[in-house]
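**Q** What shape does this take:
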Amino acid sequence: MFKQNENRRQWTRRPAQFWVGLILILGIIFVAIFAKWLSPHDYAQQNLTKGMLPPVWMEGSDPAYLLGTDRLGRDLLSRLMFGARVSAAVGLFSVLIGGAIGITLGMIAGYFGGGVDRLLTRLMDIQLSFPPVFLAIAIIAAMGQSLTNLIIVLGLVSWVQYARVSRGATLSLRNQEFMLAARAIGVGTGRMIWRHLLPSVLPPLAVIATVNMSAMILNEASLSFLGLGVQPPTPAWGSMVSEARSIMSIAWWNAVFPGVAIALFVIGGNLMGDGLSRRKD
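**A** Prediction:
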């Protein structure tokens, strides 16, 4: 009971920016999940006679298209809602993949030390020598373009940060008294790592994960902007910005609204990460 009350107090001591970021992220995830029911139109439906309509508050708009349309007459609001599915999936699942790989390898390296540690550390150094986006481009070119491949690739290029942090934390914990006591009573290696080490290693990694979720969204937007992300007609915020480049001067809303959506997701993730690393006094 005391532990539950203490955990509750820790959550209530989170600063305001954590809750603002959480609301932003949960709001985007809510829209992504229920896009099918919330969107006013089919995101892929084209109507060339309605092409490049402005938002509803501008002259020449159509009330049926609140945020206007793109050059093919597709509803921008509907495409933003379905595009949230891509961004939310990329942000969440790529972090889970990268975190699972990095935390596992980092704890193994820190716990066993010796040759295992040297081998895994060299592997981390080799991957860090390649810029993540360039590495992602090369892997996607080999694997092919799809949402699943995009998520896997972003997870594979982001595991090193989790591995380095979890390795450092494991090195500092493996000779602590509670670890020595567990060894003395015959606790096995697997149970030692997952039951005793993992709970102590996770808190700083949770902060990294929330910030990295924003980085994954930006990487997805960058790859989609380059034409290496999700392929049409499936909407993605990065590809929507890319498609709007040629009409920015006459239909700015086609680029601005997806850009604002990306910014909100990134801000939400960064606020959550900052809030997790702090507490109210």
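**Q** tell me what the biggest helix by length in the chain is packed against?
**A** Across the chain, the helix with the greatest residue count (assigned by DSSP state H) is helix 76-112. Here helix 76-112 is seen to pack against helix 16-33, helix 35-38, helix 114-128, helix 147-156, helix 159-173, helix 198-225, helix 237-243, helix 253-276 when contacts are counted using 3 or more Cβ pairs under 8 Å, 6 or more residues apart in numbering; DSSP states H and E. In short, each C-beta sits where N, CA and C put it, glycine included.
**Q** For stretch 210-220, give me every contacting residue.
**A** Contacts of stretch 210-220 from elsewhere in the structure, counted by Cβ atoms under 8 Å, 6 or more residues apart in numbering, are 21, 25, 86-87, 90-92, 94-95, 98, 132-133, 136, 150, 154, 158, 161, 229, 236, 238, 262, 265-270, 272-273, 276.
**Q** mind redoing it with 7 Å?
**A** Counting by Cβ atoms under 7 Å, 6 or more residues apart in numbering, stretch 210-220 makes contact with 87, 90-92, 94-95, 132-133, 136, 150, 154, 158, 161, 229, 236, 238, 262, 265-266, 269-270, 272-273, 276, all of which sit outside it.
**Q** need the helices and strands packed on helix 76-112 in CSV with mean neighbour count, distance to residue 79 and mean pLDDT, can you?
**A** As requested, the helices and strands packed on helix 76-112 are arranged in CSV below (neighbours: other Cβ atoms under 10 Å; distance: least, Cβ to Cβ, whole Å; pLDDT from 0 to 100):
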stretch, mean neighbour count, distance to residue 79, mean pLDDT
helix 16-33, 17, 12, 89
helix 35-38, 14, 10, 92
helix 114-128, 13, 35, 89
helix 147-156, 20, 16, 88
helix 159-173, 21, 32, 88
helix 198-225, 21, 13, 81
helix 237-243, 24, 6, 83
helix 253-276, 20, 8, 86
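**Q** Ok, which of the ones you listed comes nearest residue 140?
**A** Between residue 140 and the helices and strands packed on helix 76-112, the shortest gap by Cβ to Cβ is with helix 147-156, which sits at 5.5 Å.
**Q** In terms of secondary structure, what does the closest one contact?
**A** Based on contacts counted as 3 or more Cβ pairs under 7 Å, 6 or more residues apart in numbering; DSSP states H and E, the elements that helix 147-156 packs against are helix 76-112, helix 132-143, helix 198-225.
**Q** export the helices and strands packed on helix 76-112 to CSV and tack on distance to residue 107?
**A** CSV is the format used below for the helices and strands packed on helix 76-112 (distance: least, Cβ to Cβ, whole Å):
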stretch, distance to residue 107
helix 16-33, 27
helix 35-38, 38
helix 114-128, 10
helix 147-156, 18
helix 159-173, 5
helix 198-225, 6
helix 237-243, 34
helix 253-276, 20
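**Q** So which of these is nearest residue 62?
**A** Nearest to residue 62, of all the helices and strands packed on helix 76-112, is helix 253-276, at 13.1 Å by Cβ to Cβ.
**Q** Tell me what angle the longest helix of the chain forms with helix 147-156.
**A** Using axes from the mean of the first three to the mean of the last three Cα atoms, to 10 degrees, the direction of helix 76-112 lies 40 degrees away from that of helix 147-156.
**Q** For helix 76-112, what is the distance to the chain centroid?
**A** The chain centroid and the centroid of helix 76-112 are separated by 5 Å under Cα atoms, centre = their mean, to the nearest Å.
**Q** which residues are contacting stretch 57-65?
**A** By Cβ under 7 Å, 6+ apart, the list of residues contacting stretch 57-65 from outside reads 50, 53, 54, 55, 56, 68, 75.
**Q** Which of these ranks first by neighbour count?
**A** With neighbours set by other Cβ atoms under 10 Å, the maximum within the contacts of stretch 57-65 is found at residue 75, which has 26 neighbours.
**Q** May I have the beta-bridge partners of it?
**A** Partner residues in beta bridges with residue 75, using DSSP bridges, are residue 69.
**Q** Residue 40 is in contact with that one, correct?
**A** Yes - A contact is recorded between residue 75 and residue 40 when judged using Cβ atoms under 7 Å, the distance being 6.4 Å.
**Q** that older thread, which one of the helices and strands packed on helix 76-112 lies nearest to residue 104?
**A** The closest of the helices and strands packed on helix 76-112 to residue 104 is helix 159-173. By Cβ to Cβ, the value is 8.3 Å.
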